[in-house]
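Asks: build me a structure from this.
(chains A, B, C and D)
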There are 2 protein chains.
Amino acid sequence: MHRVSRDDEGHQRLNRERVLSVSIALADRTGIDSLTMRRHGEELGVEAMSLYNHVANKVDLLNGMVDAVFNEIELPSHNDDWKTAMRKRSVSFRAVLSRHPWATGLKDSGTNPGPATLRHHDRVIGTLRNAGFSIAMTAHAFSALDSYIYGFAMQEKNLPFTTEEDTAARAHIMLAQLPANEYPYLAELTADHVLKPGYNYADEFPLGLELILDGLERWLEKHKLEQEPDTER
Amino acid sequence: MHRVSRDDEGHQRLNRERVLSVSIALADRTGIDSLTMRRHGEELGVEAMSLYNHVANKVDLLNGMVDAVFNEIELPSHNDDWKTAMRKRSVSFRAVLSRHPWATGLKDSGTNPGPATLRHHDRVIGTLRNAGFSIAMTAHAFSALDSYIYGFAMQEKNLPFTTEEDTAARAHIMLAQLPANEYPYLAELTADHVLKPGYNYADEFPLGLELILDGLERWLEKHKLEQEPDTER
DNA sequence: ACCTGAACACCGTTCAAGT
DNA sequence: ACCTGAACACCGTTCAAGT
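Replies: Numbering: from 1, shown residues only, chains lettered A, B, ... in the order given. Take a look at the predicted model:
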């Protein structure tokens, strides 16, 4: 327990971690477009230029935010079978992206992955490898799962409605504006599915996830059969 | 054939369509961040403020660009069975997003879909409905497929390398920087898969796509069996 | 009807100056 | 070592003025 240094007005001393956590909270609350260096400084009771003592520039800040988000994702557990482990981490991943929707659109994890991102990827790959997936199959599985998770989070983020009450209201308006004779199937789906009470897009996630996990399991079994006689690695 | 009006310097008269196509070309070439109203006007030999005669504001411009991109996607054909039709349009969708990577991150298709977007969605939904998918299953299938496509395009866009020659160079550097003892599985995958000659991330797309299409087919068959006796509509 | 120039309220970032 | 104030080169957008 060491005391944090404070200035005369009682502000905590800045550090990278605090800068990142405040910017994440701000982006969650007001959207990524509202996250400006000036607004961010204001939030910390400091001038925008002070931030440059703790992050190299705005890109570095965004990279750091994405890596911090990866840290929130539940790692696949060594105690679960691969399917359970991947299911849990996928559900966690989606929940995290849902909490931080701005993270979905940021390209930083690909080009400049931080330590949390690397650790997460390493554990996912390791889980699949240890379950018997070949290297190529691991790459396929990783790509399929993460594409689905990212894409789902992105669609969720871009939905015109957020709360469940909101859904009915917005969808009704959209439906009214929709020329039903021009888009009959879209109108039907909206009226008979989206507008049904209790509809929540997030509920779609597990269905597609199981589709992919089942497919991967089938791949794995087929692959194991092909290797059958000399099964001892 | 009507002659386009030109001013003294031979510039074509502006219109919304031309504004959109130039902005798409500019975004493709220089990235979405470089697409500013001023730069865009310059490209057209016009002041930035002239653009406001043809688009309401920048958000409207971006919405229009996304809808124009949707127009490039091959619609599912009525002459193909549902699986073939969905495969073709999915492959086309990914190729289009690969040509216009900036479109992946734009939220406009969800909140303010244009006519091309609506038509595309209507045809996709219609294809599934006519193949015997229930409304709920259609929604599931649509969500699973489009999540995968969007997510794949996004991962592709965020890859640290683009050309195949580039891949080897960049991956080598990344691998060298990667503490192999800390991230052994990631290092292995990079060395034994990504760095293999001929590796191209885009090749992963069909594999995940077939996984999902096969899963959907299995759903459909199970669903048809459950409805079996009264199979008429 | 369409284009322009000047202006406004913002950005990210630098740099010398303060403590 | 960290924070600040002024400044620079940008943004999107408005509005009155031109043709």
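Asks: can you pull the buried residues of the strand or helix carrying residue A:19?
Replies: Here residue A:19, judged by DSSP states H and E, is contained in helix A:16-30. Residues of helix A:16-30 classed as buried: A:19-20, A:22-24, A:26-27 (neighbour count, 16 or more other CB atoms under 10 Å in any protein chain shown). C-betas here are computed from N, CA, C, even on glycine.
Asks: would TSV of those residues with pLDDT and distance to DNA strand C be doable?
Replies: Formatted as TSV, the buried residues of helix A:16-30 follow (pLDDT from 0 to 100; distance: CB to the nearest atom of the strand, whole Å):
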residue	pLDDT	distance to DNA strand C
A:19	96	12
A:20	97	14
A:22	96	14
A:23	97	10
A:24	98	15
A:26	97	11
A:27	97	11
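Asks: how does chain A divide into domains?
Replies: A:12-55, A:56-158+A:200-226, A:164-193 (the TED database).
Asks: residue A:53 and DNA strand C: what is the separation?
Replies: Distance of residue A:53 to DNA strand C, given as CB to the nearest atom of the strand, to the nearest Å: 10 Å.
Asks: that residue: neighbouring residues, count only.
Replies: If you count neighbours by other CB atoms under 10 Å in any protein chain shown, residue A:53 ends up with 11.
Asks: so it is in contact with residue A:13, correct?
Replies: No - contact criterion CB atoms under 8 Å: residue A:53 and residue A:13 do not qualify, at 10.6 Å.
Asks: pick out the residue closest to the middle of chain A.
Replies: In chain A, the residue lying closest to the centroid (CA atoms, centre = their mean) is residue A:97, at 2.9 Å.
Asks: list the contacts for that one?
Replies: The contact partners of residue A:97, taken as CB atoms under 8 Å, 6 or more residues apart in numbering or on different chains, are A:69, A:103-104, A:149-150, A:153, A:156-157.
Asks: if we go to 6 Å?
Replies: A:103-104, A:153 (CB atoms under 6 Å, 6 or more residues apart in numbering or on different chains).
Asks: who in chain A is up against DNA strand D?
Replies: A:13-14, A:41, A:46-47, A:49-50, A:52-54 (CB under 7 Å from any atom of the strand).
Asks: next helix or strand past the lowest-mean-pLDDT helix or strand in chain A?
Replies: Least confident helix or strand, chain A: helix A:108-111 with a mean of 70, by mean pLDDT, DSSP states H and E. Remark: after helix A:108-111, the chain's next helix or strand is helix A:115-130, criterion DSSP H and E.
Asks: tell me what that next one is packed against?
Replies: The contact analysis (3 or more CB pairs under 6 Å, 6 or more residues apart in numbering or on different chains; DSSP states H and E) places helix A:115-130 against helix A:58-70, helix A:135-158, helix B:184-189.
Asks: ok, residues contacting stretch A:65-75?
Replies: By CB under 6 Å, 6+ apart, the residues outside stretch A:65-75 that reach it are A:20, A:23-24, A:88-89, A:92-93, A:96, A:100, A:103, A:106, A:108-109, A:114, A:116-117, A:120, A:123.
Asks: skipping its backbone neighbours, what lies nearest residue A:217 in space?
Replies: Spatially, and ignoring its direct neighbours in sequence, residue A:217 is nearest to residue A:83 (6.3 Å; CB to CB, 6 or more residues apart in numbering or on different chains).
Asks: picking up where we left off before, and the buried ones among the residues of chain A next to DNA strand D, selectable in ChimeraX?
Replies: Buried subset of those, written as a ChimeraX selection, criterion 16+ other CB under 10 Å:
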select /A:14,41,46,54
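Asks: need the worst-confidence member of the residues of chain A next to DNA strand D.
Replies: Among the residues of chain A next to DNA strand D, residue A:13 carries the weakest pLDDT, at 77.
Asks: contact residues of chain A facing DNA strand C?
Replies: Counting by CB under 7 Å from any atom of the strand, the residues of chain A close to DNA strand C are A:35-39, A:48-49, A:52, A:57-59.
Asks: out of the residues you listed, the closest to residue A:169 would be?
Replies: Nearest to residue A:169, judged by CB to CB, of these is residue A:35 at 28.5 Å.
Asks: could you pull up phi and psi at the closest one?
Replies: phi -80, psi 90 (degrees, to the nearest 10).
Asks: tell me which residues touch it, please.
Replies: A:26-27.
Asks: among the domains of chain A, show me which one is buried the most.
Replies: Highest mean neighbour count among the domains of chain A (mean count of other CB atoms under 10 Å in any protein chain shown): domain A:56-158+A:200-226, with a mean of 19.
Asks: what's the end-to-end length of that domain?
Replies: End-to-end distance for domain A:56-158+A:200-226, by CA to CA, to the nearest Å: 52 Å.
Asks: up against chain B, what does chain A have?
Replies: Within chain A, the positions lying close to chain B (CB under 6 Å from any CB of the partner chain) are A:105, A:107, A:110-111, A:118, A:121-122, A:125-126, A:129, A:135, A:139-140, A:143-144, A:147-148, A:150-152, A:154-155, A:158-160, A:183, A:185-186, A:189, A:192-193, A:204, A:207-208, A:211, A:215.
Asks: looking at the residue nearest to residue A:101 when sequence neighbours are not counted now. What's its pLDDT?
Replies: In space, and not counting its chain neighbours, residue A:101 is closest to residue A:157: 4.0 Å by CB to CB, 6+ apart. Residue A:157 carries a pLDDT value of 92.
Asks: same deal with the one 5 residues further on?
Replies: As summarised for this prediction, residue A:162 has a pLDDT of 64.
Asks: now do the SS call for residue A:46.
Replies: What DSSP: H, G, I helix; E, B strand; the rest coil gives for residue A:46 is coil.
Asks: roughly how far apart are it and residue A:63?
Replies: According to CB to CB, to the nearest Å, residue A:46 stands 21 Å off from residue A:63.
Asks: same question for residue A:190.
Replies: For residue A:190, the distance to residue A:63 - CB to CB - is 39 Å.
Asks: go on, residue A:199?
Replies: Applying CB to CB to residue A:199 and residue A:63 gives a distance of 36 Å.
Asks: equivalent analysis for residue A:224, please.
Replies: Residue A:224 is 40 Å from residue A:63, by CB to CB.
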